[in-house]
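Asks: return a 3D structure for these sequence lines:
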Amino acid sequence: MLPRSVDAVVIGSGPNGLVSAITLADAGWDVLVLEAADTFGGAVRSAEDGGWISDRFSSNYPLGVASPVIRALELEKFGLKWSHAPLPLVHLLDEDGAAAAIHPDPEDTAKSLGAEHPGDGDAWLRLYQQYVSIREPLLNALLTTWPPVGPGLKLVRKLGSAGELLRFARFMAMPMHRMGQELFDGRQGPAILAGNALHADAPLAGSVSGTMGWLLAMLAQDVGFPVAAGGSSALSGALVRRAERAGALLVRGLPVTGVDVSGGRVTAVRTGSGEVVTVERAVIADTSAPVLYGKLLPEALIPAGLRRDLDERFEWDYPTVKLNFRLSGPIPWKAVEAHSAGVVHLGGTADDLVHLSADLDTGRVPSQPFLLIGQTTKSDASRSPAGAEAVWAYAHLPRGIADDASAEKLAGRMERAIERFAPGFGDLVVGRDLQRPSGLESADAALGFGALGGGTMQLHQQLVFRPTIGLGSARTFVDGLYLGSSAIHPGGGVHGACGHLAARTALRDASLLGPLTRKLPTAALRHLQR
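Replies: All right, here's what the predicted structure looks like:
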């Protein structure tokens, strides 16, 4: 039996939903988390079968380690252990075995880059030292508050002069391709940035794609690309235990089918079993924007402008095709360093990847896809039987192409690409599991068309444009209803920031100052979306 009334309901138990529940429960609220699936975790889930552990969605978590939001929860006290491969990342440049590697020690990374082209090693060290000098205020500005006034001021002070601030602003706005050209003379540095930028979906010749590549490359150097020991469900499990310790009630296998609104304020949620739970203070939706506004709220309530924006302007990120392999032994890479890497990028030089990015953005399925490959046994020996290897690989289809036939075609190209860089790979395959965009979405409704990021990470759908034109916060046009998923700033990634920001906004709006903090922003939001 569900409680008849609670302070808050959190819809969905992905990392953002669980962080929301923890934040509210820590503040003394009575919190109910409702999860449609039979397993908590959203897109942070793994499956075990006969000694093999497969991460079904996300897998490597540099943001999970670096995020101030996740760190503050002290999940290690609730069973979470991070596990690392000897090398965080290797980027394969060509089929002859040339590669670029990020080593645990930045000096070793610099030595590797400098061996190809004198000066690039020093450039890497300067880049990393600048990141270290601004790391704390930068991550706090990105992940802990909106708008990021306090951390932003600290970041400005760290940068020093107005000139340095302007240079950093220009740097953050740069396309990846131009950034690589300005920073490095050889092939390796630009390739590392390009491969990391393709973790997101910004065109590599477009603005801010450099920021995405730079930040992930710096995180790889700083904290590595770790996995959760025992599978990604171990991360979700730690969050669940932390939420339960705080006092939240979590119920799985029970979808929310509707959100009730009266007088412009959220009043209750309805479940698939027919139960109605009255909500005294807030509902936080860890769902996609189309699910919240297109399925959970009454259609007649949706402002015309918001409906039009979602129908005509909202843009998903690229559909994902994921292959999970059970191998009888390690992949026989030609590139020696790839044998000890937790993550392998397969796709060529930065120039090659710019062409691939253009294919995706012009509706062409790449003939030579970029592969993001997780050698999870390298990071965590528990992922496969002794001597065997658990490996996953994913690539993207263009937007608007998410059918099963295209997924099958791309999967074949992915396997042939691995074979070119590692002859004999096919002979090692003892099991193969293909996750198509349709399967990803059916397993987690937040992954529309198999997109993992809650919507494109390009500039036109970030900040005050995420998920549509608004204020960039978790607030909706309904009082007490908040969007707390990767559909809001700062977007995709396992960092917990979206859930944290939603919960902090709900707490602020329910405080004594709430009428002041929410009245003007909500009125402005309604005006923008009418």
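Asks: any idea how this protein splits into domains?
Replies: By the assignment in automatic domain parsing, the chain contains the domains 5-36+253-315+453-529, 108-210.
Asks: helices of the stretch 251-400 of the chain, start to end?
Replies: Under the criterion DSSP state H, counting those that start in this stretch, the stretch 251-400 of the chain carries helices at the ranges 289-291, 304-312, 350-361, 376-379.
Asks: these: which one's closest to residue 453?
Replies: Closest approach to residue 453 among the helices of the stretch 251-400 of the chain (CB to CB): helix 289-291, 12.0 Å. The way it works is simple: take the backbone N, C-alpha and C, and place the C-beta from them, glycine included.
Asks: highest average neighbour count across the helices of the stretch 251-400 of the chain?
Replies: helix 376-379 (a mean of 26; mean count of other CB atoms under 10 Å).
Asks: tell me which of the domains of the chain approaches residue 428 most closely.
Replies: Of these, nearest to residue 428 by CB to CB is domain 108-210, at 23.9 Å.
Asks: what is the rounded mean pLDDT of the longest helix seen in the chain?
Replies: If you go by DSSP state H, the chain has its longest helix at helix 120-143. What helix 120-143 shows for mean pLDDT is 96.
Asks: buried residues in it?
Replies: Of the residues in helix 120-143, 120-121, 123-125, 127-128, 130-131, 134, 137-143 count as buried by neighbour count, 16 or more other CB atoms under 10 Å.
Asks: can you pull out the strands in the stretch 1-150 of the chain?
Replies: For the stretch 1-150 of the chain, the strands defined by DSSP state E, counting those that start in this stretch cover 5-11, 31-34, 46-49, 52-55, 82-83, 87-92, 99-102.
Asks: before we move on, what about the stretch 251-400 of the chain?
Replies: Shown for the stretch 251-400 of the chain, the strands assigned by DSSP E, counting those that start in this stretch span residues 256-262, 265-271, 276-285, 320-327, 341-346, 371-375, 389-396.
Asks: okay, these, which one's buried deepest?
Replies: Mean neighbour count (mean count of other CB under 10 Å) peaks for strand 341-346 among the strands of the stretch 251-400 of the chain, with a mean of 28.
Asks: that one packs against which elements?
Replies: Counting contacts by 3 or more CB pairs under 8 Å, 6 or more residues apart in numbering; DSSP states H and E, strand 341-346 is packed against strand 87-92, helix 188-197, strand 371-375, helix 376-379, helix 404-421.
Asks: sorry, back to before: relative to residue 154, which of the strands of the stretch 251-400 of the chain is closest?
Replies: Nearest to residue 154 among these is strand 276-285 (27.9 Å), distances taken as CB to CB.
Asks: same for the closest one, what does it pack against?
Replies: On a contact count with 3+ CB pairs under 8 Å, 6+ apart, strand 276-285 meets strand 5-11, helix 15-26, strand 256-262, strand 265-271, strand 481-483, helix 497-509.
Asks: export the ones you listed as TSV, with columns for mean pLDDT and distance to residue 459.
Replies: Shown next, in TSV, are those (pLDDT from 0 to 100; distance: least, CB to CB, whole Å):
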stretch	mean pLDDT	distance to residue 459
strand 5-11	98	29
helix 15-26	98	22
strand 256-262	98	30
strand 265-271	98	31
strand 481-483	97	20
helix 497-509	97	18
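Asks: return the most buried member of those.
Replies: Highest mean neighbour count of the helices and strands packed on strand 276-285: helix 15-26, a mean of 30 (counted as mean count of other CB under 10 Å).
Asks: name the helices or strands packed onto it?
Replies: Helix 15-26 sits against strand 5-11, strand 31-34, helix 233-246, strand 276-285, helix 497-509, with contacts defined as 3+ CB pairs under 8 Å, 6+ apart.
Asks: quick one: closest of these to residue 75.
Replies: The closest of the helices and strands packed on helix 15-26 to residue 75 is helix 233-246. By CB to CB, the value is 4.1 Å.
Asks: between the closest one and helix 497-509, how many degrees?
Replies: Helix 233-246 and helix 497-509 meet at an angle of 20 degrees, taking axes from the mean of the first three to the mean of the last three CA atoms, to 10 degrees as the criterion.
Asks: report the mean confidence score over helix 233-246.
Replies: What helix 233-246 shows for mean pLDDT is 98.
Asks: do the same with stretch 99-109
Replies: Mean per-residue pLDDT for stretch 99-109: 98.
Asks: again with stretch 209-223
Replies: For stretch 209-223, mean pLDDT rounds to 97.
Asks: list the buried ones in that stretch?
Replies: For stretch 209-223, burial by neighbour count (16+ other CB under 10 Å) applies to 209-223.
Asks: before we move on, what about stretch 327-343?
Replies: By neighbour count on 16+ other CB under 10 Å, the buried set for stretch 327-343 is 327, 330, 331, 333, 334, 335, 337, 338, 339, 341, 342, 343.
Asks: same check on stretch 85-93?
Replies: Within stretch 85-93, the residues scored as buried using 16+ other CB under 10 Å are 85, 87, 88, 89, 90, 91, 92, 93.
Asks: now those residues as TSV including pLDDT?
Replies: As requested, those are exported to TSV (pLDDT from 0 to 100):
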residue	pLDDT
85	98
87	98
88	98
89	98
90	98
91	98
92	98
93	96
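Asks: name the helices or strands packed onto the helix or strand bottoming out on mean pLDDT in the chain?
Replies: Confidence across the helices and strands of the chain bottoms out at helix 514-529, with a mean of 80, counting by mean pLDDT, DSSP states H and E. Where contact means 3+ CB pairs under 8 Å, 6+ apart, helix 514-529 is packed against helix 304-312, helix 497-509.
Asks: roughly how far apart are residue 12 and residue 326?
Replies: Distance, residue 12 to residue 326, using CB to CB, to the nearest Å: 30 Å.
Asks: repeat for residue 496
Replies: Using CB to CB, we find residue 496 at a distance of 31 Å from residue 326.
Asks: next: residue 223.
Replies: To residue 326, residue 223 is 28 Å away according to CB to CB.
Asks: which residues touch the closest residue to residue 420 other than its chain neighbours?
Replies: Spatially, and ignoring its direct neighbours in sequence, residue 420 is nearest to residue 95 (5.2 Å; CB to CB, 6 or more residues apart in numbering). Going by CB atoms under 8 Å, 6 or more residues apart in numbering, residue 95 touches 334, 420, 421.
Asks: do the same with residue 305
Replies: The contact partners of residue 305, by CB under 8 Å, 6+ apart, come to 469, 528, 529, 530.
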